[in-house]
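Undergrad: Quick one, what's the 3D model for this:
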Amino acid sequence: MNRRQALVAIGAFVALAGCGSDEPKKQGESSTANRAGAMPNYGVGTQFKATAPLTFSVLYNNHPFYPMKKDWLFWSELTKRTNVTFQPSVVPLSDYENKRSLVIGAGDAPLIIPKTYPAQETPFVASGTILPVSDYMDLMPNFSDKVAKWNLKAELDTLRQADGRFYLLPGIHQDHWVDYSLAVRADVLEDLGLDVPETWDELTTVLRAMKKKYPDLYPMTDRWGVPTPGGNLLNILGTAYGAPGGWGYRNGAVWDASTQKFLFTGATPQQKQVLQYLRTLVEEKLLDPESFTQPDDQAIQKIVSGKSFVISSNAQTLVNEYRPPLAKENPKARLVKIPWLIGPLGPIKSTAEMTRLENGIMISKKALDSPNFVAMMQFVDWLWYSDAGQVFAKWGVEGVTHTKEGNKFKLASDVDYVGLNPGAPKHLQKDFGFGNGVFAYGGPTELLQSTFSEEELEFQKVMNARSATPVAPPRPLTDEEREQATLWETPLKDHVTQNTLKFVLGQRDLGEWDAYVKELEGQNMTSYINLLNTAYERYKKEHG
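TA: Numbering: from 1, shown residues only. Next up is the predicted model:
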């Protein structure tokens, strides 16, 4: 998964609950033992440096665009600054989730387990293999400071389990960050005398004009259909209607503010509208039907070769994967990322299920047995949550990978990153290990946008001017309820996925919608949603 598939999991369906049989530890209780190597006066703004050389194991998600190198400056400079050396267990990106589950289940997990999205930690809670990190917030002053400053309590509460604790240290953003959207061939729009579409209805008009000019082509093809069909497309389109699908499906629950209840997103009238919209595009041959199942390479080849003009994109994909080969094929082609298209909900940048949390870190329960536990938590707090640690992980070493004037960062002239220095002989990620998705994410908006091009900053300006909907309320499940919910979730999701494709591709008529909803009821949809609403009401009664 790449960085903004964080939208898939953000807004986990577990949340703050009433007191369980296990009372969380009191603040400061954790700091009385296991302090070997820890700093005695560590706090916000303190440069962490262990009082003795330490080594911590970490599960490392190896990205094929910048495969890990042992001689990266990141490793040596990290040790120089913190007296800590990482011992990485390297796992290919394509197998990361599966491998993570296996090593945790076998009790062989490294102490630090990054690249875990909200809700992905839930299966490991009942087994007691991961740490209830909320018990140790006294060891993480930078994390706690940012949560308070950025008013992230509501988001953080969505991570709490039925015992009142949370087990994931999430990446945290100062503001909502929208990255994934659609990219459109601007030169083709100009040739047709059309403006960049601003609404989904306008996109249909644009695609029809493209089809008229190029009748043998599908104007739009899409990627990120594997392993989640319509991953980005169903998410951003569904968000515009209030029924996120694809990456945004999450656990199938969507908050309805008007009724103050959770609904099953796959059975809402809004979901039917989404499917009708896509069915029209496929029926008129405006959207490539292979979009939902084709490998990414195939979709990229179509946009690069001029066989289509619209595709899902994010900022890095646009610069690294689309534009270079497209320029070779057609030097006059201009592919641009456009702001989220507007639908029935108006100009929004989030739904109730989207928060400012991103993928984060689980800590193995084994860490409590380490004499260096306190030092490890201080180190994690510094690298992932302090201002200095976040700048280091993202930008590297001043004078080597970048320079800085005031608050403005500038890459060294011989270093490229996200197309900021095209043609430079070195790359920030590939050659130095900085800007690495395992270590660099979240943080202040100013830092987030420090690597953005002027083009991307304009995109963000449009999106940031839009409204964010309130976070969905907590609905914590007990261990028994979670076990039952898990049994219901999988067949429900499978049925929604299968029938979404059937409806969109015309293999099933939308006149059968009512029958489809009854099939979901036969898969325990009503019982599942009742379970979530009961948990919400219980939380509301206990906590107000």
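Undergrad: which helix of this protein spans the most residues?
TA: Scanning the chain for the longest helix, with DSSP state H as the assignment, gives helix 479-505.
Undergrad: List the buried residues of it.
TA: By neighbour count with 16 or more other Cβ atoms under 10 Å, helix 479-505 contains the buried residues 481-482, 484-485, 488-489, 492-493, 495-497, 499-505. To be clear about C-beta, it is placed using only N, CA and C from the backbone, and glycine gets the same treatment.
Undergrad: do the same with stretch 220-238
TA: Result for stretch 220-238 [16+ other Cβ under 10 Å]: buried residues 220-225, 228-238.
Undergrad: same thing with stretch 172-188?
TA: Counting neighbours by 16+ other Cβ under 10 Å, stretch 172-188 gives 172-174, 176-186, 188 as buried.
Undergrad: Please flag which of those residues sit within strands.
TA: 172, 181, 182, 183, 184, 185 (DSSP state E).
Undergrad: Enumerate every residue touching the closest residue to the first one other than its chain neighbours.
TA: Read it as residue 172. Distance criterion Cβ to Cβ, 6 or more residues apart in numbering; nearest residue to residue 172, sequence neighbours excluded, is residue 442 at 5.0 Å. With contact set as Cβ atoms under 8 Å, 6 or more residues apart in numbering, residue 442 has these partners: 170, 171, 172, 173, 358, 384, 385, 390.
Undergrad: now the strands for the stretch 401-544 of the chain?
TA: Remark: strands assigned in the stretch 401-544 of the chain by DSSP state E, counting those that start in this stretch are 402-405, 408-411, 415-416, 426-427.
Undergrad: Hmm, I typed the wrong one, I wanted the chain.
TA: 54-62, 84-92, 112-116, 169-172, 181-185, 253-256, 261-264, 310-313, 335-338, 357-363, 402-405, 408-411, 415-416, 426-427.
Undergrad: what is the mean pLDDT for the last one?
TA: Throughout strand 426-427, pLDDT has a mean value of 97.
Undergrad: what lines up beside that strand in the sheet?
TA: Strand 426-427 sits in its sheet next to strand 415-416 (parallel), going by DSSP bridges.
Undergrad: Excluding its own residues, what touches the partner strand? List them.
TA: 401, 402, 421, 422, 423, 424, 426, 427, 428, 431, 432.
Undergrad: For these, which single residue is the most surrounded?
TA: Among the contacts of strand 415-416, the one with the most neighbours (other Cβ atoms under 10 Å) is residue 428, at 28 neighbours.
Undergrad: Return the set of buried residues in stretch 80-100.
TA: 81, 82, 83, 84, 86, 88, 91, 93, 96, 97, 99, 100.
Undergrad: How much space separates residue 69 from residue 86?
TA: Distance, residue 69 to residue 86, using Cβ to Cβ, to the nearest Å: 13 Å.
Undergrad: picking up where we left off before, and the buried residues of stretch 172-188, which is closest to residue 274?
TA: Among those, residue 182 lies closest to residue 274 (Cβ to Cβ), at 15.2 Å.
Undergrad: Verify the stated contact: the closest one with residue 311.
TA: Yes: the criterion here is Cβ atoms under 8 Å, and residue 182 meets it with residue 311 at 7.1 Å.
Undergrad: which stretches of the stretch 1-150 of the chain have low pLDDT?
TA: Filtered on pLDDT under 70, the stretch 1-150 of the chain yields the residue ranges 1-32.
Undergrad: all helices of it, in order?
TA: For the stretch 1-150 of the chain, the helices defined by DSSP state H, counting those that start in this stretch occupy 6-9, 73-82, 96-105, 141-149.
Undergrad: out of the ones you listed, which comes closest to residue 465?
TA: helix 6-9 (19.4 Å).
Undergrad: State the pLDDT value of residue 472.
TA: Confidence for residue 472, expressed as pLDDT, is 88.
Undergrad: And the longest helix of the chain, what does it pack against?
TA: Helices and strands touching helix 479-505, by 3 or more Cβ pairs under 8 Å, 6 or more residues apart in numbering; DSSP states H and E, are helix 269-283, helix 513-522, helix 525-543.
Undergrad: Now do the first one: which elements does it pack against?
TA: Right, the one you point to is helix 269-283. helix 200-213, helix 231-241, helix 479-505.
Undergrad: Is it possible to get CSV of these that adds mean pLDDT and distance to residue 452?
TA: Output for the helices and strands packed on helix 269-283, formatted as CSV (pLDDT from 0 to 100; distance: least, Cβ to Cβ, whole Å):
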stretch, mean pLDDT, distance to residue 452
helix 200-213, 98, 25
helix 231-241, 96, 20
helix 479-505, 95, 33
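Undergrad: Dump the ones you listed to CSV, plus distance to residue 45.
TA: Below are the helices and strands packed on helix 269-283 laid out as CSV (distance: least, Cβ to Cβ, whole Å):
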stretch, distance to residue 45
helix 200-213, 46
helix 231-241, 38
helix 479-505, 39
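Undergrad: Out of the ones you listed, which gets nearest to residue 117?
TA: Among the helices and strands packed on helix 269-283, helix 231-241 comes nearest to residue 117, with 13.6 Å by Cβ to Cβ.
Undergrad: neighbouring contacts of the closest one?
TA: 5, 7-8, 180-182, 200, 222-225, 244-249, 265, 270-271, 273-274, 277-278, 291, 312, 340-345, 348, 350-351, 354, 500.
Undergrad: Tell me where the stretch 351-500 of the chain has helices.
TA: 373-385, 387-395, 445-448, 454-464, 479-505.
Undergrad: out of those, nearest to residue 258?
TA: helix 479-505 (22.6 Å).
Undergrad: Figure out how far the closest one is from the centre of its chain.
TA: 21 Å (Cα atoms, centre = their mean, to the nearest Å).
Undergrad: Repeat that for stretch 336-347.
TA: That offset, for stretch 336-347, works out to 19 Å (Cα atoms, centre = their mean).
Undergrad: which residue sits closest to residue 359, ignoring its sequence neighbours?
TA: residue 117 (4.7 Å).
Undergrad: do the same with residue 72
TA: Nearest non-adjacent residue to residue 72 (Cβ to Cβ, 6+ apart): residue 433, at 3.1 Å.
Undergrad: That neighbour contacts residue 74, correct?
TA: Yes: at 3.3 Å, residue 433 counts as touching residue 74 under the criterion of Cβ under 8 Å.
Undergrad: Of the helices and strands packed on helix 269-283, which is nearest residue 520?
TA: Of all those, helix 479-505 sits nearest to residue 520, with 6.3 Å by Cβ to Cβ.
Undergrad: quick revisit: got the phi and psi for the residue nearest to residue 359?
TA: For residue 117, the backbone dihedrals (degrees, to the nearest 10) come out as phi -90, psi 150.
Undergrad: so how many other residues sit close to it?
TA: Neighbour number of residue 117 under other Cβ under 10 Å is 23.
Undergrad: now do residue 524
TA: Count around residue 524 with other Cβ under 10 Å applied: 18.
Undergrad: same check, this time on residue 40
TA: Applying other Cβ under 10 Å, I find that residue 40 has 6 neighbouring residues.
Undergrad: Could you do the one 4 residues further on as well?
TA: Other residues near residue 44 number 14, with proximity taken as other Cβ under 10 Å.
Undergrad: For residue 360, see how far away residue 379 is.
TA: 15 Å.
Undergrad: try residue 341
TA: In terms of Cβ to Cβ, residue 341 sits 30 Å off from residue 360.
Undergrad: And the two? Which one has more around it.
TA: residue 360 (26 against 19).
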